[in-house]
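Colleague: Sequence and predicted model, in that order:
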Amino acid sequence: MSSVADIFEKAKAENRKSLLETEAKTICARYGIPVTEFMVAKTAEEAVKSAEKIGYPLVMKIVSPDVIHKFDVGGVMINLRTSKEVKSAFKKILDNVKNHNPNARIAGVTVQELAPESTEVIVGAIKDPQFGQTLMFGLGGIFVEILKDVTFRIAPVTEQEAKEMITEVKAYPLLQGYRGQPPADANAIVHILLSTSKLVMEHPEIKELDLNPVMVYQKGAKTVDARIILE
Ligand code: ADP
Ligand code: MG
């Protein structure tokens with residue numbers, strides 16, 4: 001696994017402002033943020049080998065500096081259960097991406113652990129021109145996108161502030177469990193908020209960070225998609 005500094009160096013050398021999902025997740029993992037296990041495959045055969053190592057069911061996704069929204073171009077395939085499905089998903093993903101943008105540079109396809117469905121949250125960071133690194137928290141889907149039910153704190157955040165961020169969103173009762181649903185692991189979210197705070201404070205070159213979605217379980221959490229934009 002590359003070091004955080006190496007990843008930033010490489011992006012700068014290649015004049016890229018947006019890190020690949022693989023790079024963003026590697027950086028997150030270095031800071032103790034749980035991410036889905038992944039391997040990068042360059043051929044369908046490599047993808048099958050990776051699949052055997054990680055175990056089914058799996059997700060496969062395009063890795064390309066020219067594809068920012070992977071799902072929209074058919075660059076994400078979910079719930080693959082056999083080596084045959086992995087092989088055909090590899091080809092399908094490359095076909096879809098090439099149909100969409102024939103000039104897209106392809107770094108490979110990730111084979112990754114499927115994070116089971118659960119309560120989705122979003123953890124973000126944005127570098128405010130006035131206040132500097134600022135953390136954001138909200139519940140996934142309609143809560144953030146339509147209801148704008150989000151909360152912010154200037155980084156670095158304390159454990160107390162991280163806890164407040166979680167309890168003060170309107171959708172908080174959903175995390176506490178409802179209609180027989182078990183409560184989500186709030187401590188796992190606190191840990192991610194604190195780790196994200198540390199990450200953006202130690203790397204002022206990060207302009208934006210987006211962990212979206214993070215699946216939160218009864219025990220633990222898993223970041224499904226990660227984006228980091230540099231200044
Ligand atoms: P995009 O670049 O389009 O945002 P994502 O990586 O977010 O692509 O994938 C799109 C969607 O596919 C996610 O929002 C999530 O619902 C699902 N997904 C992606 N990766 C995984 C995974 N490892 N496990 C489970 N679901 C996933
Ligand atoms: Mg996404």
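Modeller: Looks like it arrived, so ask away. Ligands and ions are numbered 1, 2, ... in the order given.
Colleague: the helices in this structure, which residues?
Modeller: Using DSSP state H, the helices of the chain run over 4-13, 21-30, 44-54, 83-100, 142-145, 159-168, 172-176, 186-202.
Colleague: Convert the C-alpha atoms of the longest one to CSV, please.
Modeller: Read it as helix 83-100. Listed next in CSV are the C-alpha coordinates belonging to helix 83-100 (Å, rounded to 0.1, in the frame of the first residue of the first chain):
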residue,chain,number,x,y,z
SER,A,83,-16.2,-16.2,-11.5
LYS,A,84,-18.3,-16.1,-14.7
GLU,A,85,-20.1,-13.0,-13.5
VAL,A,86,-16.8,-11.4,-12.6
LYS,A,87,-15.4,-12.0,-16.0
SER,A,88,-18.4,-10.7,-17.8
ALA,A,89,-18.7,-7.7,-15.5
PHE,A,90,-15.0,-6.8,-16.2
LYS,A,91,-15.8,-6.6,-20.0
LYS,A,92,-19.1,-4.9,-19.5
ILE,A,93,-17.6,-2.1,-17.3
LEU,A,94,-14.8,-1.4,-19.9
ASP,A,95,-17.4,-1.4,-22.8
ASN,A,96,-19.7,0.9,-20.9
VAL,A,97,-17.0,3.4,-20.0
LYS,A,98,-15.5,3.3,-23.5
ASN,A,99,-18.9,3.8,-25.1
HIS,A,100,-19.4,6.8,-22.9
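Colleague: who are the neighbours of it, in terms of helices and strands?
Modeller: Contacting helix 83-100 under the criterion 3 or more Cβ pairs under 8 Å, 6 or more residues apart in numbering; DSSP states H and E are the following elements: helix 44-54, strand 58-63, strand 76-80, strand 108-113. From N, CA and C alone the C-beta is placed, and that goes for glycine too.
Colleague: Could you do the first one as well?
Modeller: Helix 4-13 makes packing contacts with helix 21-30, strand 226-230 when contacts are defined by 3+ Cβ pairs under 8 Å, 6+ apart.
Colleague: closest one to ligand 1 among those?
Modeller: Judged by Cβ to the nearest ligand atom, the one of the helices and strands packed on helix 4-13 that comes nearest to ligand 1 is helix 21-30, at 6.2 Å.
Colleague: For the closest one, the averaged confidence score.
Modeller: Average pLDDT, helix 21-30: 98.
Colleague: Could I get the buried residue list for that helix?
Modeller: In terms of neighbour count (16 or more other Cβ atoms under 10 Å), helix 21-30 has its buried residues at Glu21, Thr22, Glu23, Ala24, Lys25, Thr26, Ile27, Cys28, Ala29.
Colleague: Stretch 52-68 now?
Modeller: Going by neighbour count (16+ other Cβ under 10 Å), the buried part of stretch 52-68 is Ile54, Leu58, Val59, Met60, Lys61, Ile62, Val63, Ser64, Pro65, Val67.
Colleague: show me the contacts for the third one.
Modeller: Val59 makes contact with Thr36, Val76, Met77, Ile78, Asn79, Leu80, Thr110, Val111, Gln112, Glu113, Leu114 under the criterion Cβ atoms under 8 Å, 6 or more residues apart in numbering.
Colleague: Show me which pair in those residues is furthest apart.
Modeller: Considering Cβ to Cβ, no two members of these lie farther apart than Asn79 and Thr110, which are separated by 15.0 Å.
Colleague: Counting neighbours, go ahead and name the busier of those two.
Modeller: Set side by side, Asn79 and Thr110 show more neighbours around Thr110, with 25 against 10, by other Cβ atoms under 10 Å.
Colleague: Not including adjacent chain positions, what is the nearest residue to the more buried one?
Modeller: The shortest distance from Thr110 to any non-neighbouring residue, by Cβ to Cβ, 6 or more residues apart in numbering, is to Phe38 (4.6 Å).
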